[in-house]
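Undergrad: Fold the stuff below for me.
(one chain, ligands or ions: 1)
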Amino acid sequence: MNKFQIKIDQCRNHLLNQDIDLGFRKLVDCVLDTQQLNLYSQVIEIVSWQDENPTETEGYLNKLHQLIVQLERIQIPDKGFGGTLISTSNLEKKYARSSFSIGPIDIELKAGEIWGLVGENGNGKTSLLRVLAKDLAFDSGSIDYQLEDSTNYKLRTQLVYIPQRTPKWYGSLKSNLKFTATQYGLFKEENELTVLMYIIRFGLWKFRNHAWSELSSGYKMRFELARTFLRRPKLLLLDEPLANLDVLAQQLVLEDLKNMSQSLSNPLGIVLSSQQLFEVEKIADKLIFLKNGKPIYVNHNGESESSEEESQTILEMDLEIEKEQLSELLLHLSLEKINFNGGVFIAHFNKKSCINEVLQVLINNNIQLIYVRDISKSTRRFFIQKANS
Ligand SMILES: Nc1ncnc2c1ncn2[C@@H]1O[C@H](COP(=O)(O)OP(=O)(O)OP(=O)(O)O)[C@@H](O)[C@H]1O
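TA: Below you'll find the predicted structure:
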């Protein structure tokens, strides 16, 4: 089975398991992969039909299954994954008017990958993204863009940077997207259908005729993403795309970005900054934690370069208990230290994977437990270190 067949299979399984929204979104991705306008039309017809018949779930599912049958007849070869899009070596940026500097940063981002950029406020996330976007000059080291054509004009179309605050636009959401599509060479029917497909893909159907002032911040971000994907970027740099989204929407947007980064017709690389550590960790292939501009690299298993961490467990716990009593209870589990900050306990153990033993002790002693989270592999541990130092 190639990647396209696997994707179609996943759609069918989601629909069979009644995960209809997820199945539908993935189905739209498959249709976008085909780049066939007749299939775009069918998706748009199904969405319009569902709009008029919102309670006809069975009819809706039938139509989606018919679409799947058509997709199964299409062959799309696996291509384009794994090629490096951007690499940096010893990249450093200094600000003349402050002592702050970033780097040295070494990145190698490949098509189909997402890198998360995390860190507290003022630690250099935006600055790094702007340097990568060629929006800010750097002082030393190098950046190598390995896009199809890295001349400045082409770079601007293949590399898209979405800042935290995006500019206001006029007219309707759809007319703006149509204008963008025109700028990138889509006209007439192709323009209309492609724009509607991205409107559907980013959950903007109900808002397609709305003006900028009628959209919430979260939907403005979705609009920006739709506009960006119409440009078929290769490299996408997003500054805090989750900032104005509710928890559910954050997960949706991240899942969408993950799926779309692995598009078969246009796999792309994404670097995104965020304060939503746990959510980003779930989808990122690699994380960079920036502390005073200096990077700590963390792989998708949560491992950094530090070898001593491997034998430690760090737990974040919200419990109804005094610190001294908790220390006493956990001492025999190689407890190294406990800190209380931000309303929660942070306990360090000189022992690997001991969360189950800790839970057992807490339960046996009838301690009221609000939550316990193992942060040994989360970038959250670096935030804690700072709070404790
Ligand atoms: N133009 C500038 N001149 C001098 N210093 C600057 C300039 N822009 C940013 N800085 C400093 O660089 C540091 C990093 O800022 P940056 O905005 O990159 O951080 P950030 O991690 O994105 O922060 P946030 O999470 O608040 O958006 C800050 O100390 C900031 O004051």
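
Undergrad: Only C-alpha atoms from now on, for both contacts and neighbour counts.
TA: Noted.

Undergrad: Please, where are all the strands along the protein?
TA: In the chain, the strands defined using DSSP state E lie at 84-94, 101-110, 114-118, 140-145, 159-162, 235-239, 269-273, 286-291, 294-299, 313-320, 335-341, 344-349, 368-374.

Undergrad: Where does pLDDT dip in the chain?
TA: Along the chain, segments meeting pLDDT under 70 span 79-80, 149-156, 306-310, 385-389.

Undergrad: For it, list the residues in contact with the ligand, please.
TA: For the chain, the contact set with the ligand under CA under 6 Å from any ligand atom comprises 95, 97, 98, 100, 120, 121, 122, 123, 124, 125, 126, 127.

Undergrad: Would you mind writing the ChimeraX command to select the buried ones in the residues you listed?
TA: For the buried members of the residues of the chain next to the ligand, the matching ChimeraX selection, counting by 16 or more other CA atoms under 10 Å, is:
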select :120,123,124,125,126,127
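
Undergrad: okay, among the residues of the chain next to the ligand, which ones form the most distant pair?
TA: Largest separation among the residues of the chain next to the ligand by CA to CA: 97 and 120, giving 20.9 Å.

Undergrad: ok now do residue 195, which residues does it touch?
TA: Residue 195 makes contact with 174, 177, 178, 181, 230, according to CA atoms under 8 Å, 6 or more residues apart in numbering.

Undergrad: Including neighbour count, could the residues you listed go into a markdown table?
TA: Below are these laid out as a markdown table (neighbours: other CA atoms under 10 Å):
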| residue | neighbour count |
| --- | --- |
| 174 | 22 |
| 177 | 25 |
| 178 | 23 |
| 181 | 22 |
| 230 | 22 |
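
Undergrad: wait, what's in contact with the residue most central in space within the chain?
TA: Central residue of the chain (CA atoms, centre = their mean): residue 254, 3.7 Å from the mean position. Applying CA under 8 Å, 6+ apart to residue 254 gives the contacts 279, 280, 283.

Undergrad: The first one: what's it in contact with?
TA: With contacts defined as CA under 8 Å, 6+ apart, the neighbours of residue 279 are 250, 251, 254.

Undergrad: Now tabulate the strands of the chain in a markdown table and tack on mean neighbour count and distance to residue 360.
TA: Below are the strands of the chain laid out as a markdown table (neighbours: other CA atoms under 10 Å; distance: least, CA to CA, whole Å):
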| stretch | mean neighbour count | distance to residue 360 |
| --- | --- | --- |
| strand 84-94 | 19 | 46 |
| strand 101-110 | 20 | 42 |
| strand 114-118 | 26 | 33 |
| strand 140-145 | 16 | 50 |
| strand 159-162 | 22 | 46 |
| strand 235-239 | 24 | 41 |
| strand 269-273 | 26 | 37 |
| strand 286-291 | 24 | 32 |
| strand 294-299 | 19 | 30 |
| strand 313-320 | 20 | 14 |
| strand 335-341 | 16 | 15 |
| strand 344-349 | 20 | 15 |
| strand 368-374 | 13 | 12 |
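
Undergrad: Distance to residue 260 for these - can I get that in CSV?
TA: Formatted as CSV, these follow (distance: least, CA to CA, whole Å):
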stretch, distance to residue 260
strand 84-94, 16
strand 101-110, 14
strand 114-118, 11
strand 140-145, 21
strand 159-162, 15
strand 235-239, 11
strand 269-273, 10
strand 286-291, 17
strand 294-299, 21
strand 313-320, 33
strand 335-341, 38
strand 344-349, 36
strand 368-374, 30
